[in-house]
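Sequence first, then the predicted structure, then my questions.
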Amino acid sequence: MDLNVERLTLRDIAPCFEGAIPSVIATASAQGVPNVTYLSKVRMVDDERVALSNQFFSKTAKNLVENPEADLLVIDPRSYEQYRLHLRYERTDRRGPVFDRLRVDVDVAAALEGMQDVYRLRAADVYRVTDIQSVPSGLPPVDRSALAGARDGLDAGRISELSLRLGRCPDLDTMVQTAVSGLAELFGYEHSLLLLVDEEGTRLYTIASHGYDAEGVGSEVALGDGLIGLAAERCTPVTVGNVTQVSKYSRRVRRSYEDSGAVSPGREVPVPGLPDSASRCAVPAMVLGQLVGVLTVESRKTVAFGPADEAILTVVATILANAIESDRAHERDALPMAPAAPGQARSSSQVGEATHVRFFAVDGSVFLDGEYLIKGVAGRLLWALLGHHEREGRTDFTNREVRLDPSLDLPAFRDNFESRLILLKRRLDEREAPIRIEKTGRGRFRLLVSGAVRLDQVDDGS
Amino acid sequence: MIDEALRAFLERGCATIVGTASADGVPHAQRGWGCSVVGPTTVRLLLDASDAELRTHLDAGGPIAVTSADVRTLRSVQLKGRVTEVENVPGPADLERCHVHNEELFRDIEETDFFPRLLTERMVPPGYLVAVVEVEELYDQTPGPGAGAQVEAGWT
């Protein structure tokens, strides 16, 4: 590569290719008429090439057929230093690793606004970089060595420490909390979520979080929606260095599609997490080739995460996935246990104001004193437990007996009982509810009810 | 060709980029630092005076493309035309336009993309020149399936 005297390389300016700041590309037709436009993403292919996404068969693409020369301006988001890359178009990929990498970038933008059906990568244009120059600024240069950025290496010692901590956890509840706390303490990931795949395999629900004002346990996202849903659907790590920029671009593109009638207005994809997040990284938690959940971290810093973060999180997610699956296998294979001792039937004359528990059979949602608590399997589980408590005075239960309750409607192919129990326990704790769940041993738990409860079932969802 | 709506759009703090080309068709990208509409088809652009390659292309009176994008909405327009004049020393009105443009641009970036002025001001070039451009064509460059469509019915 013919570089200028500064001998800049693509690796020197790698943060420019994280998509945090739009790049600028100029091309020219065969007649020498220039075209200049912004690019949402430029990716580094290797030490000598970059790839540009082509979604709309633009004038840029047409010019390149006639004239392979292009001029690119990129900005380092850490310092706002600007670089000029002279490019020569080499080829267009419509499949393969370069195409796949850019496709994830485009799919993230599409997933943020529910445009997966219409907004997709058409092609990846690959260019050889023939020159890199630093663009002069009116201000003094920045000390490059002082620039902060994404983590640049794996710390085996810390990974080992977190693995050991996870290995010592006696149950799943402790383990998921140890994981998100350990990610903060050992690696500085101050905002993290662990989501698990639901029984139908179509949605993810949050089972543990760290660093949020509201814990958000139970919040859900559909597979394919947003960065988390995309990581789950593709079973691949997905990192975005400037969520704000990508979201703004997605909204603009969506509006253009709405104007053209290609999509209907109104779709918004709610994503659990920080409202002012700048960087997000989501990795799949997999075992035996199956998706179990997604581990995601986010930061208010731009371009906070890179390949090393994806690697660390993948290790932790895989450990968690194995533990969760092992726990499920243990539950499935466990010998029948003696049922827990029955208690005294509840007296209806308990003193104090009763907690009103309202259950909607249509979706399993439960409201405590008019406030939403939880829905789905976890909601039906709570309703079943409270029914036993009301009728028989039961407080102690085994996982095995409860999970066989047909009213829970647990599918045989993906039995999430333990995860749903943890979810329910955490939601009750988070709400400081007068009903709590306490683990009493492996496969056993206790329902703690303070004061009277009034059960009220709504069958038609009205 | 440039109606009042487009004039207002171009003269605010849009993120502006320009493309030029050498006589043998090698393209060149650069940023713009303010635009004044001085006639139905004429604009004055503040550009980087330290960019020798750009200066060569401008002096040759070659074709030029100018894309201006609203940082908040990403609505974008591309002007295509020809450079008719280059002024080495911007006048007071040009520098005032440049100042207002930069203030609005950096404020919009800070408020929507959260990059502080301390950083974004590093894009500002060491000095400015003025290029007078005769606009011949207008294109809607807003991201989406309609990008590249010619603007014929006015900028609404």
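Perfect, I can see it now. Numbering: from 1, shown residues only, chains lettered A, B, ... in the order given.

average pLDDT for the helix or strand where A:Asp71 lies?
Applying DSSP states H and E as the criterion places A:Asp71 in strand A:69-75. What strand A:69-75 shows for mean pLDDT is 96.

ok, is it in contact with chain B or not?
Yes: Strand A:69-75 lies within reach of chain B by Cβ under 8 Å from any Cβ of the partner chain, at A:69-73, A:75. In short, each C-beta sits where N, CA and C put it, glycine included.

which two from these end up farthest apart in space?
Greatest spatial distance among these (Cβ to Cβ): A:Glu69 and A:Ile75, at 21.5 Å.

ok so, going back, switch the residues of strand A:69-75 next to chain B over to TSV; also include neighbour count.
Shown next, in TSV, are the residues of strand A:69-75 next to chain B (neighbours: other Cβ atoms under 10 Å in any protein chain shown):
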residue	neighbour count
A:Glu69	22
A:Ala70	25
A:Asp71	25
A:Leu72	24
A:Leu73	25
A:Ile75	24
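
from what I can see B:Val124 touches B:Gly32, true?
No: contact between B:Val124 and B:Gly32 fails when scored by Cβ atoms under 8 Å: they sit 11.8 Å apart.

so who does the residue in chain A positioned nearest to chain B touch?
Residue nearest to chain B within chain A: A:Ser256 (2.3 Å; Cβ to the nearest Cβ). For A:Ser256, the contact set (Cβ atoms under 8 Å, 6 or more residues apart in numbering or on different chains) comprises B:142-147.

number of nearby residues for the residue lying closest to B:Ser50 once chain neighbours are set aside?
What sits nearest to B:Ser50 in space, not counting adjacent residues and going by Cβ to Cβ, 6 or more residues apart in numbering or on different chains, is B:Pro126, at 4.9 Å. If you count neighbours by other Cβ atoms under 10 Å in any protein chain shown, B:Pro126 ends up with 12.

can you check A:Ile159 too?
17.

same deal with B:Gln150?
Neighbour tally, B:Gln150, other Cβ under 10 Å: 11.

secondary structure element for the closest residue to B:Pro116 other than its chain neighbours?
If the residues on either side of it in the chain are set aside, B:Pro116 comes closest to B:Glu110, at 6.1 Å by Cβ to Cβ, 6+ apart. Per DSSP H and E: B:Glu110 is located in helix B:92-113.

check contacts around A:Ser247.
A:112-113.

Is it in a helix, a strand, or coil?
Here A:Ser247 is recorded as helix under DSSP: H, G, I helix; E, B strand; the rest coil.

Please tell me the pLDDT value assigned to it.
So A:Ser247 comes in at 79 (pLDDT).

again with A:Gly461
Per-residue confidence (pLDDT) for A:Gly461: 46.

Repeat that for A:Ala26.
For A:Ala26, the pLDDT comes out at 96.

can you tell me which residues contact it?
A:34-36, A:70-72, B:17, B:19-21, B:27-29, B:65.

any idea how far stretch B:48-59 is from the chain center?
15 Å (Cα atoms, centre = their mean, to the nearest Å).

Hmm, A:Arg446 is touching A:Thr395, no?
Yes: applying Cβ under 8 Å, one finds A:Arg446 in contact with A:Thr395, separated by 5.4 Å.

the more surrounded of these two?
Set A:Arg446 next to A:Thr395 and count neighbours by other Cβ under 10 Å: A:Thr395 wins out with 21 against 15.

Isn't that one up against A:Ser450?
No: using Cβ under 8 Å, A:Thr395 is not in contact with A:Ser450; the gap is 11.9 Å.

is the helix or strand bottoming out on mean pLDDT in chain B up against chain A anywhere?
Least confident helix or strand of chain B, by mean pLDDT, DSSP states H and E, is strand B:149-150 with a mean of 86. No: Strand B:149-150 does not reach chain A (Cβ under 8 Å from any Cβ); its nearest approach is 10.4 Å.
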